[in-house]
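In: structure for this input, please:
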Amino acid sequence: MLDSLLPIALAAAVVAGNAAVGAASAATRAVRNIVLVRDVATDGSAWRGVYDILTRDGYHVSVVQEPLTGLSDDVAATRRVLDQQDGPVILVGHSYGGTIITVAGVDPKVRALVYVAGLRPDVGETTNQLAASMPGEVPDSDLKLSKDRFINPALARWMYRRSGAKITEIKANHLVDISRPGAVASVIERAARSAGADPR
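Out: Below is the predicted model:
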């Protein structure tokens, strides 16, 4: 799959904090619980590289294996994992997982949402509507996936700007959680530090 500049968004509307807080001070107050939500094209093992980095760095990481039987079931599975957390959470979604975290992210434990090449629907929008509005290109390869499995980076930028999110761009393919786990983990850890600096 071809690499392009791929946007990853930290939902700034959810995270509020003082960017001037020192790194050592912020790290001690960082949110320690991370919940990762997968896409429809992979299972939870796609997060392995990100999971290993975050756990090595001292985070408590959970991966949701949503049933993919419908959005309400997938959100319910995510909420069950959120209920098991012992404190504030950074909720992360890849691709379709972005739709799930948008809905599940209203949970009071959630301090920040991180969209990893993820869909970020607005109220009343569906995943299919968003994906069809600016279709992504699926390059020829041995990996055969059905249409609308890849999010157009232009669509991602538009969704994230619309929501007021802080955007980080990484040169990667759509499966950035697999191909660039270190870069993805770095964005998640920045979210955790920023959310920890929030006096809420």
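
In: residues near the nearest residue to residue 77 once chain neighbours are set aside, how many?
Out: Closest residue to residue 77 apart from its sequence neighbours, by C-beta to C-beta, 6 or more residues apart in numbering: residue 66 at 4.3 Å. All C-beta spots, glycine's among them, are computed from the backbone N, C-alpha and C. For residue 66, the count of nearby residues is 25 (other C-beta atoms under 10 Å).

In: by contact count, what packs against the longest helix seen in the chain?
Out: Ordering each helix of the chain by length in residues (DSSP state H) puts helix 181-196 first. With contacts taken as 3 or more C-beta pairs under 8 Å, 6 or more residues apart in numbering; DSSP states H and E, helix 181-196 sits against strand 4-10, helix 23-28, helix 48-56, strand 89-94, strand 110-116, strand 166-172, helix 176-179.

In: tell me which of these is the most buried.
Out: strand 89-94 (a mean of 30; mean count of other C-beta atoms under 10 Å).

In: so which bits of stretch 181-199 are buried?
Out: 181, 183-198 (16 or more other C-beta atoms under 10 Å).

In: OK, contacts around the nearest residue to residue 181 once chain neighbours are set aside?
Out: Among residues not flanking residue 181 along the chain, residue 49 sits closest, at 2.9 Å (C-beta to C-beta, 6+ apart). Residue 49 makes contacts with 177, 178, 181, 182, 185, as judged by C-beta atoms under 8 Å, 6 or more residues apart in numbering.
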